[in-house]
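Asker: Attaching a predicted model along with its sequence, questions to come.
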Amino acid sequence: MAMLEGLDTATVARRVGVSVRQLGHWDRLGIVAPSLVPARGSGTRRMYAEGDLVYVLLVQAVRRLGGTLDLADAVVSAVRLVERDGGGLTDVRLVADADAVAYCGPDPAKSQATIEQGAAMMVFNLDAIHARARQLARRPSRPSVEILELAGSAIQVVVVPDEVAFTATAKKFPGLSASGRSMSAAIDALRKAIESGPTIVDREEDAPDVRVPQSGASTWGGEW
């Protein structure tokens, strides 16, 4: 998977699961703005970087948990402060109550003590949020054709990338499809579906085993 140089507003909205209007509102309020190409009047195609998605996901999470936009702004500001101090987001935990951020940092003892004091309406694992942002910022691969071997005969499997997943189908087994977070996962899921389902018995008299050749070269090029 190649990294996108930037994601426009519509792509961010679709992948994260928010509306274009929400993104524009958060931008106008100064909570989270696209850093690659900011708004410059009507008609500007705003472009978000991968790092921006961390803050979009944080605001989305705060709102889903019932927090206000003021709290979302405070959460984003606290995380930005940690980043500006050079600590990165590794092992960072953020604890917030209904009104303010109670703790944001990498010290597990402090975050746990804050939670035990009862000041925890929300607890965020920034490692997980950053990993999700990286996933959402990756460009889907082009469709690829792989081969499953069926007792000496070949089954062509077309693997089509979606926004954050891959779907594998085989013409020889209509109605069967399987998805995964990588090409190999989608192919493996389809193989298992063929092996476990009655479809293979209906179409093949001997019902032979299905396997993926270990030495076969992928035209796609690897995991994402």
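Answerer: Received the coordinates, thanks.

Asker: Give me the residues contacting the longest strand belonging to the chain.
Answerer: Scanning the chain for the strand with the most residues, using DSSP state E, yields strand 153-161. With contact meaning C-beta atoms under 8 Å, 6 or more residues apart in numbering, strand 153-161 is reached by 140-149, 166-173, 183, 186-187, 190, 210, 220. For every residue, glycine as well, the C-beta is placed using N, CA and C.

Asker: same check, this time on stretch 54-61
Answerer: 12, 16-18, 23, 26, 31-32, 48, 69, 72, 75-76, 79-80, 89, 122, 124, 126, 129-130, 132-133.

Asker: mind listing what's buried in that stretch?
Answerer: For stretch 54-61, the neighbour count (16 or more other C-beta atoms under 10 Å) marks Val54, Tyr55, Val56, Leu57, Leu58, Val59, Gln60 as buried.

Asker: just stretch 75-87 next, same as before
Answerer: For stretch 75-87, a neighbour-count test (16+ other C-beta under 10 Å) marks Val75, Val76, Ala78, Val79, Val82 as buried.

Asker: Turn those into JSON lines, columns for distance to Pro161.
Answerer: Output for the buried residues of stretch 75-87, formatted as JSON lines (distance: C-beta to C-beta, whole Å):
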{"residue": "Val75", "distance to Pro161": "32"}
{"residue": "Val76", "distance to Pro161": "31"}
{"residue": "Ala78", "distance to Pro161": "35"}
{"residue": "Val79", "distance to Pro161": "30"}
{"residue": "Val82", "distance to Pro161": "34"}
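
Asker: Keep only those of those that are in helices.
Answerer: In helices, defined here by DSSP state H, the members of these are Val75, Val76, Ala78, Val79, Val82.
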